[in-house]
Every structure is written in structure tokens, then in C-alpha cells.
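Undergrad: output the structure for:
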Amino acid sequence: MFTSKLLRINQINACPTLPELAAWRYVACLLCLFAVFLGGAMRVEAQGLSLGGPPDEFVEDAVEEIVGEQVEESVQEAVEDAIEERVLTLGDAGAEAAIEAAVEEQVQENIENAVEETVTDTIETTVEGNIEDEIEQDVEETIEAIVEESVEGSVEDRIEDSIAESVSQDVEESIEVAVEEEMTAAVEQGVEATVEATVEESVEASVEAGVESAVDVQVASVVEERIEDEIDQIIEQMEIDESRIRKGQWLVMAAPEVFEQLADEGYLFATVTELPGMGLRLAEVAAPASFDITQVRQGVIDVVGSDRAEVDLNHIYTAGDPLSEETGEGMLPRSAVEFPAGTDEMSLRIGMIDSQVDVTHPALHDARIQTRAFTSEGAELPTFHGTAIASIIAGNGAGYLGIAPRAELYAAGVFEQDAERGQIASTVSLVRALDWLISSGVDVVNISLAGPPNRLLETALQRAAQSNVTILAAAGNGGPVAAPMYPAAYASVVAVTAVDSRGQVFRLANRGDYLDIAAPGVGVRHARSGGGYASSSGTSFAVPFAATAVARLRQLQPGDDALELLCRTAEDLGPPGRDSIYGFGLLRPASS
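TA: Numbering: from 1, shown residues only. As a prediction, this is how the structure comes out:
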């Protein structure tokens, strides 16, 4: 480009030395352009650094485009015009000096002005546009993610803890505070990472104001519209396992006057059972194919108000699957746990909810056992599990002694044989059995079964606790990662897990923060219904040891908290303090 221009000048002035001058001037122009290019680049870099760090990708692209297109065009035109004007004016004699001065002065001035103005404008426009877009996108995404995560996480956690209770205003207020704090911190952090300090202050002020307003509106809307739906969905998910419910049946439990009020509103109940021990009434209702438990529950609550009636399905519970007939004779109950002297002579009043008991077994010949069945009419009644638990507690005969052979044992039979599901018990049978045991005046109830949560069962257990009856239940044999099992997981119940003779937890025992205490439950020797003996393992075989220990403490120290005393004297196993494997530790009644 520069060579062609100088050749043209040489032809006009007929100067024989101009080719040499052209070559030299060409080199000089290139050097000047290179120097100015570096100066422009340094200014671009300085512009980028002034925004708080190295130029971003969009700045580099802007510089490349400007220098490659606009600057080159401006320089070319300015140099050509300047050279042509100077040569025509000064002639051959002054061409060399004029060209040199013109090139340096004009190139320097034009390039600097063009680069500085264009780059500055472009950088400012590009930076402002990109920062604006990036901030808006960052804030929108942050708000959306935080609101969704915080609302869902906070609501779900609180819903799971309060399914059986009404959701109070405190939940909504706690969620709003938590979401506001988390979103403010997150937005501030995102803005700090995106723009420089001066931009950050103004953005934070506007963003915080917008976020607080948006959060208030969005949280209020989410809480109002979703919280009831979430409760119903969680309830339905828990009830979806059809193997855990009696199909086509739902239950209502309330005080007698509540049933009178429901009858006035058109509710009809075919099967009604009085529960005098609890002061309640239980109704069983057939459900049509289109039955929706949540709608029925809400309908009853609308009539009588919350906390005056419990409505739920008739859930199914199973005994733990024992590993019976194990190798060896197993541990005798009296050698598995050392009880204080005199326990043999104590007339403890202990209730148990299990299968029927084979009271004709020689090991139970002299045992003091009262039995009653709470099963369906005509059902086949198994006796294996109940006979085993009864012998561990109160066995007395044929050379076999239980922990408390003179105890008064009230055995409520709730299990019946099912062709598909084995030995099962229903919510109805459990509630009726518990009412009988409360009426019988027992101090402790041993429950060796597990299943899903149920509103009626939970209320019945609370009534038992209010009647000063201590309930102990098996933690469950679902394995270390299994969900909590009920009734053991209820706060009103003492959850018992099983260990072997070395203090190691039973390999199939449930784990969780609801566990209270551990007791021997692996390879325990017991009476086998129909005659003979067997050894079995499971958390249900550990409950009799803890139940007997609590009954003993309640008789000796009726004014004290028996459970607190039991846990205080337990041998700490596993991590220090209460843990999800052993609870407070291994039962040690001898030191109490």
C-alpha cells in the first residue's frame, strides 16, 4: 500500500533517488504503526484493568475489531493525504523531511485519537451492556434458584416433622426469614464476583430492595398455595403401599359426642367400638372404589374442627421376621441380661401386644398369663411369636425360667394369618388391644411389631402415656438404611434395638435418631409353640428385656422417671452419647 503511493510520487517529481526514499519511508511507517498499535493496546488493557481486573473476552474482541478495521482505515487515508499534500507543496528537496515529519505527527495523532475515542466508547458500551445483562441474568437466576430451593427444602422439612399436626403461622414466618437471609447473601456474593466495587454498592442496594419485595410476595404465594397440597401428597405417598392397608376401609376415632355431631351432619357408621380405657369411640367405615382419604378427613374436620377426631386408613403391621431354629441352643433370657436379685419374686404387671400365646407349653405351665384376641372373626390365629415373647418375660416351668417368672402378663392377640402377607395385625386390632391393656392397669406394654404411621394409633399411644402406661416397641428389622418404623418411631414410645452377646448391633436392625436403648436380641432361646424350644433373632426379641426392666423400676421407684433411670445406667456403645445405632446404649438394669 505504502510502496504504490511512493512510486506514484516519484513519477510526478521525476526524482531518480525516490525509490530509495520510498523504501526507507515504508520501513519508518511500519515502525510507527507498530508503536502506535502497542500504545493503543496498552490503553485498551488499561481500560480493562480500570474495571477491576484483566479485560474479558468481549473487550478483547472489541479491540481486535477496532484495530483491525477502523484504525487501519483511518491510518491509511490520513497517511496518503498527508504525503500527497506535502510532496506537492515542498517538491523534491523538502519531500524527505516533510514526509518523515508528516508521517510521525499525523499517524501518531490520528491513531491515538481514533483508538482512544473508539475503544473508549466501545468498551464503555460493551461493558455496560454486558454487565447489565449479566447482573440481570445472575439476579434472576439466583432469586429463582434460592426461592425454589429454600421454599421446597424448608417446607418439606417442616411438613415431614408435623404431618400429624396443623401447620402453624410460625412455619410461614420461619420460611420467610430463612429465604430472605439466604437470598440476600447469595445475591451479594454474585454481584461482588461480577462487577467492581463502585458498581457493586449501587447494584446491591437496588437488588436487596427488589429481592425483599419479591421474596415476600413469592413466599406468601408459595406457602398458601402449596403447603396443604404438600401435606396431602406426603400422606398419600405413605399410604400408597397397598400391602400395608386393608382395602376398602377407613377409620374414625373420636369422643362419643363428636360422633353425635357427625351423625347430625349425615355421617353414618356401621361398625362402632367403645374404647373405655381411652374415653373414645372407634368406627370402621366401608369405602367405595372412588374413595379419597384426604377429602373424607377434611370433611370430618370441617364438621367437628381440628384435633377432635382422627381419620385414617386401616393400616397393616407385621411381626419381625425371626431367624428361628438357629445353630446352637441360643442364650437363655436369664443369662443374656443380669437383673438384680429379687426380680424373680416381683409381681410385675406387664402387657404385650403380639400373636396368640400357646399357654399349654410346658415352659408356661406355671406362668400367670391372661390372654384375649382382637382379631377378625373366623381368622386363623398364629402362636409362634407371642409364645416366644411370653416365655422370655414370664416363662415358668419345665426347667425354663423367664426374666420375671412371677409377673402378671396380659397378652393381647392381634395377629392373624394372611395367605399373601403372612402374620399381620390391623390398626383396629392394635387400638382395641391397647385400650384393653390400659383398662387392665398394666404399667408397661411390650409391642413386638412394626409398620407405617397411623393417626389413630398415634392418638391411642398418647392416651396410654397420659394414663401413665409406658410403651416399648421394636425398632424394626428393615436394615441400616430402612425408614423409621412405627409405633417405635413415635415420641411417646421407647424404641428398642437388638445386639448380640458381644454387644454388636443386629445386622438387620433399623437405625435412626428415634432409637432409645439396646438389649440382647440375637440368638435368644425361647419356647416354641406346640412344644420344644428355638432360638431367634430380631429387634422384637430385645423388647422383653427392656420392658421388664422398666416395669421393675416403676414398681420400686414409682415417683421417678423409669426411662430416664434406665438410660442413665445404660452402657454407652458406639459414638459417645446417644446415637442412631444403639440409642443411649446397652441395657444394664443390675446397676440401677
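
Undergrad: for the chain, what helix or strand is lowest in average pLDDT?
TA: Evaluated with mean pLDDT, DSSP states H and E, the helix-and-strand set of the chain has its lowest mean pLDDT in helix 2-13, which scores a mean of 36.

Undergrad: confirm Tyr490 sits in a strand?
TA: No: when DSSP: H, G, I helix; E, B strand; the rest coil is applied, Tyr490 is found to be coil, with no strand at that position.

Undergrad: so it makes contact with Leu461?
TA: Yes: because the distance of 5.7 Å satisfies CB atoms under 8 Å, Tyr490 is recorded as touching Leu461. No exception for glycine: its C-beta is placed from N, CA and C like everyone else's.

Undergrad: compare these two (neighbour count), which wins?
TA: Leu461 (25 against 21; other CB atoms under 10 Å).

Undergrad: so who does that one touch?
TA: When the contact criterion is CB atoms under 8 Å, 6 or more residues apart in numbering, the partners of Leu461 are Leu434, Ile471, Pro487, Tyr490, Ser492, Val493.

Undergrad: and with 10 Å instead?
TA: Shown in contact with Leu461 (CB atoms under 10 Å, 6 or more residues apart in numbering): 430-431, 434, 445, 447, 454, 469, 471, 473, 486-487, 490-493.

Undergrad: let's see which of those end up in strands.
TA: Using DSSP state E, Val445, Ile447, Ile471, Ala473, Val493 are the members of the contacts of Leu461 that sit in strands.

Undergrad: any idea how far Met253 is from the first one?
TA: In other words, Val445. From Val445 across to Met253, the span is 18 Å (CB to CB, to the nearest Å).

Undergrad: with the second one instead?
TA: Distance, Ile447 to Met253, using CB to CB: 18 Å.

Undergrad: of these two, who's got more company?
TA: In this comparison of Ile447 against Met253, neighbours counted by other CB under 10 Å, the higher total goes to Ile447 at 30 against 26.

Undergrad: for the more buried one, name its beta-bridge partners.
TA: For Ile447, the beta-bridge partners under DSSP bridges are Ile353, Ala473.

Undergrad: how about the one 4 residues further on?
TA: Under DSSP bridges, the beta-bridge partners of Gly451 are Tyr486.

Undergrad: ok, it touching Ile424?
TA: Yes: counting by CB atoms under 10 Å, Gly451 sits close enough to Ile424 to count as a contact (8.9 Å).

Undergrad: now do the phi/psi pair for Leu313.
TA: The phi and psi torsions at Leu313 (degrees, to the nearest 10) take the values phi -80, psi 170.

Undergrad: let's see the pLDDT reported for it.
TA: At Leu313, the model reports a pLDDT of 92.

Undergrad: contacting residues for the spatially closest residue to it that is not a sequence neighbour?
TA: Here the nearest residue to Leu313 in space, its sequence neighbours aside, is Ile245; by CB to CB, 6 or more residues apart in numbering that works out to 4.8 Å. The contact partners of Ile245, by CB under 10 Å, 6+ apart, come to Glu239, Ile293, Asp312, Leu313, Asn314, His315, Ile316, Ser426, Thr427, Gly451, Pro452, Asn454.

Undergrad: could you identify the buried members of those?
TA: Under a neighbour-count criterion of 16 or more other CB atoms under 10 Å, the subset of the contacts of Ile245 counted as buried comprises Glu239, Ile293, Asp312, Leu313, Asn314, His315, Ile316, Ser426, Thr427, Gly451, Pro452, Asn454.

Undergrad: may I see the residues you listed arranged in TSV, with distance to Gly378 as well?
TA: As requested, the buried ones among the contacts of Ile245 are arranged in TSV below (distance: CB to CB, whole Å):
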residue	distance to Gly378
Glu239	27
Ile293	27
Asp312	25
Leu313	23
Asn314	18
His315	22
Ile316	18
Ser426	15
Thr427	20
Gly451	23
Pro452	26
Asn454	24
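
Undergrad: tell me which two of the residues you listed sit farthest apart.
TA: When the buried ones among the contacts of Ile245 are compared pair by pair using CB to CB, the farthest-apart members prove to be Ile293 and Gly451, with a separation of 16.8 Å.

Undergrad: for this structure, which residues score under the pLDDT cut-off?
TA: Per-residue confidence of the chain (counting by pLDDT under 70) places the weak regions at 1-244, 289-290, 320-328, 591-592.

Undergrad: does Gly351 sit in a helix or strand, and which one?
TA: Secondary structure assignment for Gly351, by DSSP states H and E: strand 349-354.

Undergrad: inside helices: which ones of the contacts of Ile245?
TA: Taking DSSP state H as the definition of helices, these contribute Ile293, Thr427.

Undergrad: pick the one among the contacts of Ile245 closest to Leu515.
TA: Leu515 has its nearest neighbour among these in Gly451, at 17.3 Å by CB to CB.

Undergrad: ok now do that closest one, which residues does it touch?
TA: With the criterion set at CB under 10 Å, 6+ apart, Gly451 makes contact with 241, 244-245, 315-318, 424-427, 430, 457, 476, 485-487.

Undergrad: could you pull out the residues contacting both of Tyr490 and Leu461?
TA: Common neighbours of Tyr490 and Leu461 (criterion: CB under 10 Å, 6+ apart): Asn454, Ile471, Ala473.

Undergrad: would you reformat the residues you listed as JSON lines and include distance to Gln557?
TA: Compiled in JSON lines, the shared contacts of Tyr490 and Leu461 are given as follows (distance: CB to CB, whole Å):
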{"residue": "Asn454", "distance to Gln557": "33"}
{"residue": "Ile471", "distance to Gln557": "19"}
{"residue": "Ala473", "distance to Gln557": "23"}
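
Undergrad: from these, pick the one nearest Ser529.
TA: The closest of these to Ser529 turns out to be Ala473 (CB to CB; 22.0 Å).

Undergrad: neighbours of the closest one, how many?
TA: Should you count by other CB under 10 Å, Ala473 turns out to have 29 residues around it.

Undergrad: how about the strands in the stretch 301-450 of the chain?
TA: For the stretch 301-450 of the chain, strands defined by DSSP state E, counting those that start in this stretch occupy the ranges 309-319, 349-354, 368-373, 396-397, 400-401, 408-413, 416-418, 422-426, 444-447, 449-450.

Undergrad: in the third one, what counts as buried?
TA: Taking 16+ other CB under 10 Å as the neighbour-count basis, strand 368-373 is seen to contain the buried residues Ile369, Thr371, Ala373.

Undergrad: in TSV: those, plus distance to Ala404.
TA: Listed next are the buried residues of strand 368-373 as TSV, based on distance: CB to CB, whole Å:
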residue	distance to Ala404
Ile369	12
Thr371	18
Ala373	24
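
Undergrad: quick one: which of the residues you listed is nearest Glu265?
TA: For the buried residues of strand 368-373, the minimum distance to Glu265 (CB to CB) is 34.9 Å, reached by Ala373.

Undergrad: can you pull the contacts of Val524?
TA: In this structure, Val524 makes contact with 322, 326, 330-333, 336, 388, 391-392, 498, 500-501, 534-538, 541-542, 544-545, judged by CB under 10 Å, 6+ apart.

Undergrad: can I have the buried ones of the residues you listed as a PyMOL selection?
TA: Burial among those is assessed by 16+ other CB under 10 Å; the matching PyMOL selection reads:
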select buried, resi 322+326+330+331+332+333+336+388+391+392+498+500+534+535+536+537+538+541+542+544+545
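
Undergrad: the helices in the stretch 451-592 of the chain, which residues?
TA: Counting by DSSP state H, counting those that start in this stretch, one finds helices in the stretch 451-592 of the chain at the ranges 455-466, 543-556, 562-568.

Undergrad: nearest to Val357, of those?
TA: Taking CB to CB as the criterion, helix 543-556 is the member of the helices of the stretch 451-592 of the chain that comes nearest to Val357, at 12.8 Å.
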